[in-house]
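Enquirer: what shape does this take:
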Amino acid sequence: IRQRRTVVAADLQSLPPEEPLRRAAEARGLTAAAAIPLHAEGTPLGVLTFFTPHADDLLGDDWLALEGVAGQLGYALRRIRSDEQRARRTRELGVIRDITAQMLSHGDVEALLPTIVAKAMDTMQATAGSLYLAQPSDRVVHCVVSLPNPPDSTGPVLAYGEGPPGLVAQTAAPLLIQDY
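Expert: Sure, this is the predicted structure:
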């Protein structure tokens, strides 16, 4: 992908025996492979890979046509991803607009906090969410909304630096935990 060129492996036996590609090909009686990068506007998007039992099948002028197909596929993938990103951003802006309108028309912002968390969860397709408010004078954060818990449940109070909410309050930086 990095070199943006087609790579042909006419002899998969030359790959190290522990290579997953070699093991998978051998299990199917395939001895040769070719990989065509998929990219659009300089962005790598994937690889179109072909396997064959005969290295001779990878020779000839068919490569120009296949590379053309890969180019079109790359462009189509980029377009799909751009459309998905645009749709997601439009949904996010809609949520922000709705919350802002509710805050302006509703005098009690604290009563809207569960709605704000629920809308954020919906936007992120999350199954749970919470909102901690900081009390800088005491250097603590207090959980004021925790969904899908009952609305009358009170949440924990965490010191700055304690747990993800306390760490975010302490550093004032976002935190992404991959496997929480």
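
Enquirer: give me the contacts around the helix or strand containing residue 132.
Expert: Under the criterion of DSSP states H and E, residue 132 resides in strand 129-135. With contacts defined as Cβ atoms under 8 Å, 6 or more residues apart in numbering, strand 129-135 is touched by 113, 116-118, 120-121, 140-147, 155, 158, 165, 169. Where you see a C-beta, it was placed from the backbone N, CA and C, and this is true even at glycine.

Enquirer: filter those down to just the buried residues.
Expert: Using 16 or more other Cβ atoms under 10 Å as the burial test, the contacts of strand 129-135 include 116-117, 120-121, 140-143, 145-147, 155, 158, 165, 169 as buried.

Enquirer: what's the most distant pair in the residues you listed?
Expert: Maximum pairwise distance among those (Cβ to Cβ): 24.1 Å, between 121 and 140.

Enquirer: average pLDDT across the strand holding residue 132?
Expert: The average pLDDT within strand 129-135 is 92.

Enquirer: before we move on, what SS does residue 176 have?
Expert: Classification of residue 176 using DSSP: H, G, I helix; E, B strand; the rest coil returns coil.

Enquirer: phi and psi next, for it.
Expert: Dihedral angles of residue 176 (phi, psi; degrees, to the nearest 10) stand at phi -110, psi 120.

Enquirer: also residue 11?
Expert: phi -140, psi 90.

Enquirer: just confirm it contacts residue 32, I think it does.
Expert: Yes - with contact defined as Cβ atoms under 8 Å, residue 11 counts as touching residue 32 (6.8 Å).

Enquirer: quickly list what's touching both of those two.
Expert: Common neighbours of residue 11 and residue 32 (criterion: Cβ under 8 Å, 6+ apart): residue 55.
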